[in-house]
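> got a structure for you, letters missing:
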């Protein structure tokens, strides 16, 4: 008897809270459960980071999609398994946790891909998600407000058909969660030396801080990001954990792709919460405010906006301090809305210096008789030479162009303060334009 097969996309989001949980962990549990039920995966689990600037985001603002083929007779059991697993593992008692799961069948339409892009680059509303779910006959289940339905649908729609990366995530056993993570530090250095730059953001070079281990109470022991499933698995095998790894999974993701940044044509288009790329001229010299943050405004013919390089951005902050009036730059980052304390501001992740204004210094003139630098006799009183006594009320200060301690080019926040979506330097030139044809043999455990 011929078995009818169904393509099924399962999107889920908003299951964690600041105190516990992780949506990737629920996805990892489901990988094991769905395999046991007889489903076959047509892609690695997709980990889709959404707009990191929305005020109601989850901890990492990551949504998940599992793409499988299964017999039609398994659809109901798979659906029940997914819902039960979310109920058992989501932090439903936390006020801001509102899980949602979406079940979508067959190929992904263009309208859903467009919705996913908007969810990554701007702010979308629940009614948009529900309308698409209704139009295309998908199924959705929400817990509490069900806000996670938005992210779940977006994860389904983002098929990662263009640039993408991979992350292998290893998870802790329940008894170890909430305790300090135990990994042999030298193995992380060794892994980085052997696999970078095909793996990235393992260690912050400025501070020496390890970046593969989170610091919160979530179940992740470590996560390693890289260009291929093979290299992240190789990196994983080089790590020597000093506690038991419960499970691990390779995800395909939009980490490190700049997928959130949208180029806009003018400053007048800047909108709160949207990640943007916009050009403008610096109109005031940068100010260092309490906390060590650097603020400067840029302007074009449509308006003006403040740009901020916060203290943790490290190298980016040092670049911002060197800007002067007249420099022409491209600011990249999320837009913080105006408040009673500050105007609308771009929180910079990157800056591209496109044009450097001349830096002019004014010096007292040289004495025309002996060549020594003259002294001012006071405002509008002229100059006097201390060596030979020559005086003049007609000589003026001389303009001299000084060398800039800044070059044109792209500058990015230090790795320790980069967002999940920020593309690091080592990824430029490694962008992808196609999806993997098949999965590697062992991409998860168990």
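Looks like it came in fine. Bear in mind that the values here come from a model prediction, so they are computed numbers and not experimental data.

> any low-confidence regions in the protein?
Where the chain drops to pLDDT under 70, the residues are 1-3, 57-58.

> domain parsing for it?
5-159, 165-258, 262-356+404-418, 359-402 (automatic domain parsing).

> end to end, how far does the third one reach?
Using Cα to Cα, to the nearest Å, one end of domain 262-356+404-418 lies 17 Å from the other.

> what do you get for the last one?
Domain 359-402 has an end-to-end distance of 5 Å (criterion: Cα to Cα).

> same question for the first one.
With Cα to Cα as the measure, the first residue of domain 5-159 is 21 Å from its last.

> ranges for the strands of the stretch 1-150 of the chain?
5-13, 40-41, 46-49, 62-71, 100-105, 139-142 (DSSP state E, counting those that start in this stretch).

> so residue 216 sits against residue 21, correct?
No - shown here, residue 216 and residue 21 do not form a contact pair, counting by Cβ atoms under 8 Å, at 10.0 Å. Glycine gets a C-beta too; all of them are placed from N, C-alpha and C.

> of those two, who's got more company?
residue 21 (23 against 14; other Cβ atoms under 10 Å).

> phi, psi of that one?
phi 90, psi 170 (degrees, to the nearest 10).

> contacting residues for the residue lying closest to it once chain neighbours are set aside?
Leaving aside its chain neighbours, residue 21 sits nearest to residue 91 (4.5 Å; criterion: Cβ to Cβ, 6 or more residues apart in numbering). Residues near residue 91 by Cβ atoms under 8 Å, 6 or more residues apart in numbering: 15, 16, 17, 19, 20, 21, 97.

> just the terminal-to-terminal distance for stretch 137-148.
Per Cα to Cα, stretch 137-148 runs 18 Å from first to last residue.

> and residue 426, what are its phi and psi?
phi -70, psi -10.

> most tightly packed of the strands of the stretch 1-150 of the chain?
strand 46-49 (a mean of 26; mean count of other Cβ atoms under 10 Å).

> quick one: list the elements packing against that one.
strand 62-71, helix 110-121, helix 148-157, strand 245-253 (3 or more Cβ pairs under 8 Å, 6 or more residues apart in numbering; DSSP states H and E).

> out of these, flag the one nearest residue 305.
Smallest distance to residue 305 across the helices and strands packed on strand 46-49 (Cβ to Cβ): 17.7 Å, for helix 110-121.

> please name every helix or strand in contact with the closest one.
Packed next to helix 110-121, using 3+ Cβ pairs under 8 Å, 6+ apart, are strand 46-49, helix 126-135, helix 148-157.

> out of those, which gets nearest to residue 241?
Closest among these, using Cβ to Cβ: strand 46-49, at 21.1 Å.

> gap between the closest one and the chain center?
Centroid separation for strand 46-49 versus its chain: 12 Å, with Cα atoms, centre = their mean, to the nearest Å.

> could you do stretch 214-223 as well?
Here stretch 214-223 is found 18 Å from its chain centre; the criterion is Cα atoms, centre = their mean.

> report the buried residues of it.
Within stretch 214-223, the residues that count as buried by 16 or more other Cβ atoms under 10 Å are 214, 218, 219, 220, 221, 222, 223.

> the second one touches residue 16, doesn't it?
Yes - contact criterion Cβ under 8 Å: residue 218 and residue 16 qualify, at 6.9 Å.

> list residues touching both of the two?
Common neighbours of residue 218 and residue 16 (Cβ under 8 Å, 6+ apart) are 22, 59.

> can you give me the neighbour number for residue 27?
Quick note: residue 27 (other Cβ under 10 Å) scores 26 neighbours.

> and residue 445, which of the domains of the chain is closest to it?
That would be domain 165-258 among those, by Cβ to Cβ, at 5.3 Å.

> measure that closest one end to end?
Terminal-residue distance, domain 165-258 (Cα to Cα): 11 Å.

> before we move on, what about stretch 381-390?
Using Cα to Cα, the two ends of stretch 381-390 sit 13 Å apart.

> for it, buried residues please.
383, 384, 385, 390.

> contacts only, for the second one.
The contact partners of residue 384, by Cβ under 8 Å, 6+ apart, come to 374, 375, 377, 390, 391.

> among those, who's most crowded?
residue 374 (24 neighbours).

> pretty sure that residue contacts residue 396?
No - using Cβ under 8 Å, residue 374 is not in contact with residue 396; the gap is 11.0 Å.

> return every residue with contacts to both of these two.
residue 365.

> quick check: residue 304 vs residue 283, distance?
Distance of residue 304 to residue 283, computed by Cβ to Cβ, to the nearest Å: 7 Å.

> neighbour-wise, which of those two wins?
For residue 304 versus residue 283, neighbours defined as other Cβ under 10 Å are more numerous around residue 304 (17 against 13).

> any idea whether that one is helix, strand or coil?
For residue 304, the assignment made with DSSP: H, G, I helix; E, B strand; the rest coil gives strand.

> now it: closest residue in space, sequence neighbours ignored.
residue 297 (5.3 Å).

> verify the stated contact: residue 41 with residue 32.
No - look at residue 41 against residue 32 with Cβ under 8 Å: they stay out of range, at 11.5 Å.
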